[in-house]
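# Predicted coordinates and the sequence they were generated for:
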Amino acid sequence: MRLTDLNPRWVGAGGPGITDAQDRPVPARHGVGLSFTCPCGKCDSDTARCYVPFKNPLDGGPELEPGRVDSWQRTGDTFENLTLTPSILRNPAKGGCGWHGYITNGQIVNA
């Protein structure tokens, strides 16, 4: 299955009307992560989306949450050529469905 079959979206952050804890405007960011419909086949496809934050966002800026344990290294800059490492696990202990797999060159591969 291709990532493009799963309604992928780049995730942004900040922008107009968004402020930090000190009430300072937060600049708009693009491509800090990815969201897509869960490929497990068991989840409700309308609401079950996977979110994957990037260590190296598309916009060239810093990682959105430095030091976050669950963030992924990205290569590629389109849904068609995206590769993420390590694998992705929708951990049941954290409310996920248990799907475990990879995104490699835009292809979804079950682990």
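Cool, got the structure. Residues are numbered from 1 along each chain as shown.
# Could you list the low-confidence segments of the protein?
45-47 (pLDDT under 70).
# repeat that with 80
Low-confidence segments of the chain, defined by pLDDT under 80: 44-47, 66-69.
# Buried residues, the strand ranked longest in the chain. List them.
In the chain, with assignment by DSSP state E, the single longest strand is strand 29-37. Of all the residues in strand 29-37, those buried under the rule 16 or more other C-beta atoms under 10 Å are Arg29, Gly31, Val32, Gly33, Leu34, Phe36, Thr37. Heads up, the C-betas are built off the backbone N, CA and C, glycines and all.
# and the residues you listed as TSV, adding distance to Thr19?
Putting the buried residues of strand 29-37 into TSV (distance: C-beta to C-beta, whole Å) gives the following:
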residue	distance to Thr19
Arg29	14
Gly31	21
Val32	17
Gly33	21
Leu34	25
Phe36	29
Thr37	31
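# Burial check on Pro39, number of neighbours?
22 (other C-beta atoms under 10 Å).
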